[in-house]
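1. Mind folding the following:
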Amino acid sequence: MQPIRFSAKPKQPRRVRRSSLAITGGVVSLSLLATACGGGGGEIKSLPTISGAGATFPAAAYQRWGADYSAETGNQMNYQSVGSGAGVRQFLAGSVDFGATDEELSDEDFSSGAAGERGAVQIPMLGGTVPVAYNNPDCPDLKLTQEQVADIFLGKINNWSALGCPDSPITVAHRSDGSGTTFAFTNSLACFSEEWKDKVGVGKAVNWPVGVGGKGNEGVAGVIGNTPGAIGYVNQAYVRGNIKAAALQNKDGNFVMADEKSGAAALNEVVLDERLGGEDCNPAGAESFPIVAFTWILGYKSGQGAETAEAVRTFLTWALQDGPQATAAELGYVPITGDLRKRALAEIEKIKE
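-> Alright, predicted model coming up:
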């Protein structure tokens, strides 16, 4: 199967009126565009509220989408940013209308719990980079080799002086919860370093040799932002303020920054299977950023009722259009475009009552 090709510059979105978005206890209330599927004239249709839970990686995009939706319709969707591990567990338990994850489902997951009973689809909603982020104004242009990245998180490099910066201790920040972002990051570290692969390994949660844990991308960003000398990993959307990103050495030996262009170049190298799952721990390409991932929404093929199924389909179909995808690109995500978007939209149509 050939890699999916990405466009780094999607068509600019139509501007819509925005309203405020209330976020309480990690729950994001999204107003869904509820045009009837196939309905003439794009009429607004009242749909039931749907609820989902999972990855923190796409939360910034989902929040922004929610502000756009709320200007157009009163239909609601609640999303809990709880991490990929918790999102998959809730999806398999059948306690949500959809799940969200940054790690593709395993064959076992597809046959377990509610997914096995009702059938499941995984829809790639966005791509993104996972940069090494840090808080050290005395080291403004940090460049890291792949070996150095692994050695920092192994605890072998514990002072900024080893990275060519003024002498001061390094504080490592990592996820404390089960996370698809952690899977993507540790998967790349295992490709960067045989020592990491042997001693720590790959997973949504690992036994970190060193560091301070934070829950969600938000928690890790909080640790980094509030701790001078800290370094960790987050989705690109969380690199802001006093949190900076390091240029990382890629497979071709070039030092690249995480951005839409380098993310698209890397994701072009990822081959997705018939379930639209796939990953690459160290993509080739002169312009590729070395740590990238897709983020998926998980839906049930059956067992939810016709109206709920329509509400889920409506939300996912809207989110994959040019406007919402370009809005997410403004936040640092890589849009889903071209053949992959066509495949994703076809998967959405498998969500039935």
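2. can you pull out the helices in the stretch 201-350 of the chain?
-> With DSSP state H, counting those that start in this stretch as the criterion, the stretch 201-350 of the chain has helices at 216-226, 260-267, 306-319, 322-330, 338-348.
3. Tell me which of these is the most buried.
-> Highest mean neighbour count among those (mean count of other C-beta atoms under 10 Å): helix 260-267, with a mean of 26. Every residue, glycine included, has its C-beta placed from N, CA and C.
4. What is it packed up against?
-> strand 120-129, strand 292-300 (3 or more C-beta pairs under 8 Å, 6 or more residues apart in numbering; DSSP states H and E).
5. downstream neighbour of the longest one in the secondary structure list?
-> Taking DSSP states H and E as the definition, the helix or strand that follows strand 120-129 towards the C-terminus is strand 132-134.
6. Contacts for that next one next, please.
-> By C-beta atoms under 8 Å, 6 or more residues apart in numbering, the surrounding residues in contact with strand 132-134 are 142, 144, 149, 152, 221, 224, 230-234, 238-239, 243-246, 248.
7. Which stretch among the helices and strands packed on helix 260-267 approaches S262 most closely?
-> The closest of the helices and strands packed on helix 260-267 to S262 is strand 120-129. By C-beta to C-beta, the value is 7.0 Å.
8. Show the end-to-end separation of stretch 326-337, please.
-> Across its full length, stretch 326-337 reaches 10 Å between end residues, using C-alpha to C-alpha, to the nearest Å.
9. Now do the buried residues in stretch 89-106.
-> Along stretch 89-106, these residues count as buried under the neighbour rule (16 or more other C-beta atoms under 10 Å): 89-92, 96-105.
10. Determine how far that stretch lies from the middle of the whole chain.
-> The chain centre lies 14 Å from the centre of stretch 89-106; the measure is C-alpha atoms, centre = their mean, to the nearest Å.
11. Using PDB, list the CA coordinates for it.
-> These are the backbone C-alpha positions of stretch 89-106, laid out as PDB (Å, rounded to 0.1, in the frame of the first residue of the first chain):
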ATOM      1  CA  ARG A  89     -11.200   1.800  27.900                       C
ATOM      2  CA  GLN A  90     -14.400   3.900  28.000                       C
ATOM      3  CA  PHE A  91     -15.000   3.100  24.300                       C
ATOM      4  CA  LEU A  92     -14.500  -0.700  24.900                       C
ATOM      5  CA  ALA A  93     -16.800  -0.500  27.900                       C
ATOM      6  CA  GLY A  94     -19.500   1.200  25.700                       C
ATOM      7  CA  SER A  95     -19.900   4.100  28.100                       C
ATOM      8  CA  VAL A  96     -19.300   6.800  25.500                       C
ATOM      9  CA  ASP A  97     -20.700   7.500  22.000                       C
ATOM     10  CA  PHE A  98     -17.200   7.700  20.600                       C
ATOM     11  CA  GLY A  99     -13.600   7.300  21.900                       C
ATOM     12  CA  ALA A 100     -10.400   9.200  20.900                       C
ATOM     13  CA  THR A 101      -6.900   7.900  20.700                       C
ATOM     14  CA  ASP A 102      -3.400   8.700  19.500                       C
ATOM     15  CA  GLU A 103      -2.500   5.000  19.200                       C
ATOM     16  CA  GLU A 104      -4.200   2.800  16.700                       C
ATOM     17  CA  LEU A 105      -6.400   0.100  18.100                       C
ATOM     18  CA  SER A 106      -4.900  -3.400  18.300                       C
END
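12. For the helices and strands packed on helix 260-267, give me a markdown table that also has mean neighbour count and mean pLDDT.
-> Formatted as a markdown table, those follow (neighbours: other C-beta atoms under 10 Å; pLDDT from 0 to 100):
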| stretch | mean neighbour count | mean pLDDT |
| --- | --- | --- |
| strand 120-129 | 26 | 96 |
| strand 292-300 | 28 | 96 |
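13. so can I have TSV of these showing distance to S81?
-> Formatted as TSV, the helices and strands packed on helix 260-267 follow (distance: least, C-beta to C-beta, whole Å):
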stretch	distance to S81
strand 120-129	14
strand 292-300	12
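14. Which residues are in contact with D109?
-> Neighbour list for D109: V88, L92, A115, A120 [criterion: C-beta under 8 Å, 6+ apart].
15. quick one, phi psi at the nearest residue to V130 once chain neighbours are set aside?
-> Leaving aside its sequence neighbours, V130 sits nearest to I291 (C-beta to C-beta, 6 or more residues apart in numbering; 4.4 Å). Backbone torsions of I291, given as degrees, to the nearest 10, read phi -120, psi 100.
16. All the strands of the stretch 151-300 of the chain, residue numbers only.
-> Here the stretch 151-300 of the chain has its strands, by DSSP state E, counting those that start in this stretch, at 171-175, 212-214, 230-233, 244-245, 247-249, 255-256, 292-300.
17. measure E117 to V96 for me?
-> 15 Å (C-beta to C-beta, to the nearest Å).
18. and if you look at E218?
-> From E218 across to V96, the span is 20 Å (C-beta to C-beta).
19. Relative to K350, which of the strands of the stretch 151-300 of the chain is closest?
-> Going by C-beta to C-beta, the one of the strands of the stretch 151-300 of the chain nearest K350 is strand 292-300, 8.0 Å.
20. got the angle for the closest one vs helix 306-319?
-> 160 degrees (axes from the mean of the first three to the mean of the last three C-alpha atoms, to 10 degrees).
21. now for strand 292-300, which elements pack on it?
-> For strand 292-300, where contacts count as 3+ C-beta pairs under 8 Å, 6+ apart, the packed elements are strand 50-54, helix 84-93, strand 98-101, helix 113-118, strand 120-129, helix 180-192, helix 260-267, helix 306-319.
22. Compute the inter-axis angle for it and strand 120-129.
-> 160 degrees.
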